[in-house]
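Q: sequence unknown, structure follows:
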């Protein structure tokens, strides 16, 4: 039986409605214009920075935060390597999500359910979360994080992602980005950091306030990162 023009028209309208719904949903979940803007300049702020500023204000404290974005060319190669070793050794090999790391983390968490659970977020996923999301542990937030990370990998060069990550993460209560961290802890610029200084900073990334409050644990992690830096070949695209 042949379909009439009304059926064909309804099908086209249904497809158009579905396409529009997907476009609107994708636009809500993934801030494409803001991702594209990262190709040209650093973001004015981040969701995590603003959350910290809001908390400081709510406590009646000065909300000034030291953040000094710098281009990747002005970041010590030692720090770049230390951060990659510590946070995402396959950064230049994956496309936003490291499925090998996801499988390994899932297997480790399954085998050792009583130990602290580990994750497998890539630098791209961490950047997506820091810029636009929250620390909520929900499937919706993780799904949106993954969608943004995959889109970032499509629209941005790897070095741009790494640049914004290093300039946008927390390194202390009021210290945001590698330039501010280098000046705060070592009185130097991010471009002049030594291998040992870079490993010390990279060791803070999972939780700077936690590690600053536990110097022995911090030093152990920094030492492991420094050893891995020596054993790992040059990392890059």
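A: Arrived safely, thanks for sending. It should be emphasised that the depicted structure is a prediction, and the values quoted were computed from it without experimental measurement.

Q: Show the contacting residues for the residue nearest to residue 185 when sequence neighbours are not counted.
A: In space, and not counting its chain neighbours, residue 185 is closest to residue 201: 7.1 Å by C-beta to C-beta, 6 or more residues apart in numbering. All C-beta spots, glycine's among them, are computed from the backbone N, C-alpha and C. Counting by C-beta atoms under 8 Å, 6 or more residues apart in numbering, residue 201 touches 79, 82, 171, 178, 181, 182, 185, 193.

Q: Need those residues in a markdown table (columns: neighbour count).
A: Output for the contacts of residue 201, formatted as a markdown table (neighbours: other C-beta atoms under 10 Å):
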| residue | neighbour count |
| --- | --- |
| 79 | 23 |
| 82 | 27 |
| 171 | 24 |
| 178 | 32 |
| 181 | 26 |
| 182 | 26 |
| 185 | 17 |
| 193 | 25 |
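
Q: now those residues as a markdown table including pLDDT and secondary structure?
A: Output for those, formatted as a markdown table (pLDDT from 0 to 100; DSSP: H, G, I helix; E, B strand; the rest coil):
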| residue | pLDDT | secondary structure |
| --- | --- | --- |
| 79 | 98 | helix |
| 82 | 97 | helix |
| 171 | 95 | coil |
| 178 | 98 | helix |
| 181 | 97 | helix |
| 182 | 98 | helix |
| 185 | 97 | helix |
| 193 | 98 | coil |
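
Q: Farthest-apart pair in those, please.
A: 82 and 185 (13.7 Å; C-beta to C-beta).

Q: how close does residue 221 get to residue 171?
A: Using C-beta to C-beta, to the nearest Å, residue 221 is found at 14 Å from residue 171.

Q: now residue 181, nearest residue through space, not along the chain?
A: The shortest distance from residue 181 to any non-neighbouring residue, by C-beta to C-beta, 6+ apart, is to residue 171 (3.6 Å).

Q: likewise residue 102?
A: Going by C-beta to C-beta, 6+ apart, residue 102 has residue 120 as its nearest residue, at 4.5 Å.

Q: wait, is the one you found part of a helix?
A: No. Residue 120: not assigned to a helix; according to DSSP: H, G, I helix; E, B strand; the rest coil it is coil.

Q: That one: neighbour count?
A: Neighbour count for residue 120, taken as other C-beta atoms under 10 Å: 18.

Q: for residue 48, same thing?
A: By other C-beta under 10 Å, 19 other residues sit near residue 48.

Q: helix/strand/coil for it?
A: Under the three-state scheme (three-state DSSP), residue 48 adopts helix.

Q: OK, contacts around it?
A: By C-beta under 8 Å, 6+ apart, residue 48 lies in contact with 129, 130, 135, 170.

Q: Closest to residue 64 out of these?
A: Distances from residue 64 to those, taken by C-beta to C-beta, are shortest for residue 170, at 14.6 Å.
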